[in-house]
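A.B. asks: Predicted model follows, preceded by the sequence.
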Amino acid sequence: VQLVESGGGLVQPGGSLRLSCVASGFTFSNSAISWARQAQGKGLEWVSAIDSAGVRYYADSMKGRFTISRDNAKNTVYLQMTSLRPEDTATYYCAIPGPLSDLSGPFDFWGQGTQVTVSL
């Protein structure tokens, strides 16, 4: 199983970024995929998830600002982030929830993460 995130970077407050997670090594279309983030010195925070049927889930603080989507033909999940705030600064990971977990974790597999920095 491999998950590769990309799309992070430096953005000003109020700006937007789109993160991508390309997956391989498993049947992507059958799997839920989650995004989680970790700010420096803080614990892991679940952000969003999309299940195999395309149903989307969000943490309360991300609702209305973040949109998760998936393209099964490309084995890719996206996280479109808008109205970014300094407190969104973190390393963002895509992950596969464990078989006995809900979509917010715990997770069986992780990517290497992509850094998002929201600053002037």
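C.D. replies: Now that the structure is in, tell me what you want to look at. Numbers count the residues shown, from 1 in each chain.
A.B. asks: which ones are touching Pro13?
C.D. replies: By C-beta atoms under 8 Å, 6 or more residues apart in numbering, the residues touching Pro13 are 84-86, 118-120. Every residue, glycine included, has its C-beta placed from N, CA and C.
A.B. asks: now these as TSV including neighbour count, pLDDT and secondary structure?
C.D. replies: Below are those laid out as TSV (neighbours: other C-beta atoms under 10 Å; pLDDT from 0 to 100; DSSP: H, G, I helix; E, B strand; the rest coil):
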residue	neighbour count	pLDDT	secondary structure
Leu84	21	98	coil
Arg85	13	97	coil
Pro86	11	97	helix
Val118	20	98	strand
Ser119	10	96	coil
Leu120	5	93	coil
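A.B. asks: could you pull out the strands for the protein?
C.D. replies: 2-6, 9-11, 17-24, 33-38, 44-50, 56-58, 66-71, 76-81, 90-102, 105-110, 114-118 (DSSP state E).
A.B. asks: hang on, the earlier thing: let me have the contacts of Pro13 in JSON lines, adding distance to Asp51 as columns.
C.D. replies: Below are those laid out as JSON lines (distance: C-beta to C-beta, whole Å):
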{"residue": "Leu84", "distance to Asp51": "25"}
{"residue": "Arg85", "distance to Asp51": "27"}
{"residue": "Pro86", "distance to Asp51": "31"}
{"residue": "Val118", "distance to Asp51": "28"}
{"residue": "Ser119", "distance to Asp51": "33"}
{"residue": "Leu120", "distance to Asp51": "37"}
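A.B. asks: Could you give the average pLDDT over stretch 15-34?
C.D. replies: Mean pLDDT, stretch 15-34: 97.
A.B. asks: Bridging across strands, which residues link to the most centrally placed residue in the chain?
C.D. replies: By C-alpha atoms, centre = their mean, the mean C-alpha position of the chain lies nearest to Trp35, the distance being 2.5 Å. Residues in a beta bridge with Trp35, per DSSP bridges, are Ser48, Cys94.
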